[in-house]
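> okay, predicted coordinates and the sequence, questions at the end:
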Amino acid sequence: MPKPRVFHVDRLALAFKPKPWAFAGEKRAEIDAFWAELTAKNPALWNGRVLLLYRQVVRGSVFSGDYLETDYASFMAWRRWGTHAGVHDCFSAAAIVSADGAVLLGEMGAHTANAGLIYFPCGTPDPNDIAGEMVDLEASVARELKEETGCDIGEFAAESGWTTVVDQRLIVQVKTLRSRLNAEELRARMLAHLASESEPELCDIHIVRGSGGYAPAIPPFVTAYLDEFFGMQA
């Protein structure tokens, strides 16, 4: 399996240009059967709407692209079946860096679609992230950060631009956020937020202090970012 590519871009220019997604139409019966089986096992799943990237280009330091809209059932089937189908899951993620140089990751709760995986606060964009004709991943990452950890993005010093990680069908736009708190203080604060929620998305917060020896539940797009980040700190 190819190693994820990691590079920096200064700006995102992402548009909402809806069009039919052939995969969702052609595979409708199979998708519906798949979704019925999936929700029978996990009734907490909801068939909302998500945005998927169907065109992308990098010119200079600008990452541009166009999104279509589809249902979550089709998205999950596409993910599970491993087909390309002309789209990428392009989303923003928050890399939270503590004052003492650690990176904090969240572990997804048992009721979520990605139960047990450990990664950044993030989420596939949805119609709430559409502003006019554009898709605002800055707003998306701020929302996911608040929902999952209780932290406001304004509390952090955000590095300029984005660290882009391309991992096969994933394109992850990582915003590095630096805190004035140390890792243990941040973790305690985030755990307090989780304890206050009736059904939090995360079930734990993990502290990573260096590259290598990563937990198996950390996906390759996260380890690629961590390798790059800790390599630059050395």
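Arrived safely, thanks for sending. Residues are numbered from 1 along each chain as shown.
> so for the chain, the centremost residue is which one?
Cys122 (3.5 Å; CA atoms, centre = their mean).
> residues in contact with it?
By CB atoms under 8 Å, 6 or more residues apart in numbering, the contact list for Cys122 reads Phe91, Ser92, Ala93, Ala94, Val141, Glu144, Val172. C-betas here are computed from N, CA, C, even on glycine.
> quick check: the farthest pair among these?
Farthest apart among these by CB to CB are Glu144 and Val172. That separation is 12.3 Å.
> now list whatever residues contact both of those two.
With CB under 8 Å, 6+ apart as the test, Glu144 and Val172 both reach Ser92, Ala93, Cys122.
> dump those residues to JSON lines, plus distance to Met76.
JSON lines is the format used below for these (distance: CB to CB, whole Å):
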{"residue": "Ser92", "distance to Met76": "20"}
{"residue": "Ala93", "distance to Met76": "19"}
{"residue": "Cys122", "distance to Met76": "16"}
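> what's the closest of these to Gly231?
The shortest approach to Gly231 among the shared contacts of Glu144 and Val172 belongs to Ala93, at 18.6 Å (CB to CB).
> what's across from that closest one in the sheet?
Residues in a beta bridge with Ala93, per DSSP bridges, are Cys122, Val174.
> and it, how far is that from Val222?
Using CB to CB, to the nearest Å, Ala93 is found at 8 Å from Val222.
> list residues touching both of those two?
Tyr119, Phe120.
> rewinding a little: with pLDDT and distance to Trp78 as extra columns, can I get the shared contacts of Glu144 and Val172 in a markdown table?
Converted to a markdown table, these look like this (pLDDT from 0 to 100; distance: CB to CB, whole Å):
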| residue | pLDDT | distance to Trp78 |
| --- | --- | --- |
| Ser92 | 98 | 20 |
| Ala93 | 98 | 20 |
| Cys122 | 97 | 18 |
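> list just the nearest of those residues to Phe75.
Of all these, Phe75 sits closest to Cys122, with 14.6 Å by CB to CB.
> of Glu144 and Val172, which one has the most company?
Between Glu144 and Val172, counting by other CB atoms under 10 Å, Val172 is the more crowded of the two (27 against 23).
> so who does that one touch?
By CB under 8 Å, 6+ apart, Val172 lies in contact with Cys90, Phe91, Ser92, Ala93, Cys122, Thr164, Val165, Val166, Phe221, Tyr225.
> closest to Gly212 out of those residues?
Gly212 lies nearest to Tyr225 out of these, by CB to CB, at 13.9 Å.
> and that closest one, how many neighbours?
A count of nearby residues for Tyr225, using other CB under 10 Å, gives 23.
> packing partners of the strand or helix carrying it?
Taking DSSP states H and E as the definition, Tyr225 sits inside helix 220-233. The helices and strands touching helix 220-233, judged by 3 or more CB pairs under 8 Å, 6 or more residues apart in numbering; DSSP states H and E, are strand 5-9, strand 89-97, strand 103-108, strand 118-119, strand 162-167, strand 170-178.
> Phe229: which of the shared contacts of Glu144 and Val172 is nearest?
Ala93 (12.5 Å).
> quick one: the closest one and Glu26, what's the gap?
Look at Ala93 and Glu26: by CB to CB, they are 31 Å apart.
> between the two, who's got more neighbours?
More neighbours surround Ala93 than the other of Ala93 and Glu26, with 25 against 11 (other CB under 10 Å).
> so how far is Asp32 from the more buried one?
Distance, Ala93 to Asp32, using CB to CB: 30 Å.
> what's across from the residue lying closest to Lys19 once chain neighbours are set aside in the sheet?
Leaving aside its chain neighbours, Lys19 sits nearest to Leu68 (5.3 Å; criterion: CB to CB, 6 or more residues apart in numbering). Beta-bridge partners recorded for Leu68 (DSSP bridges): Leu52.
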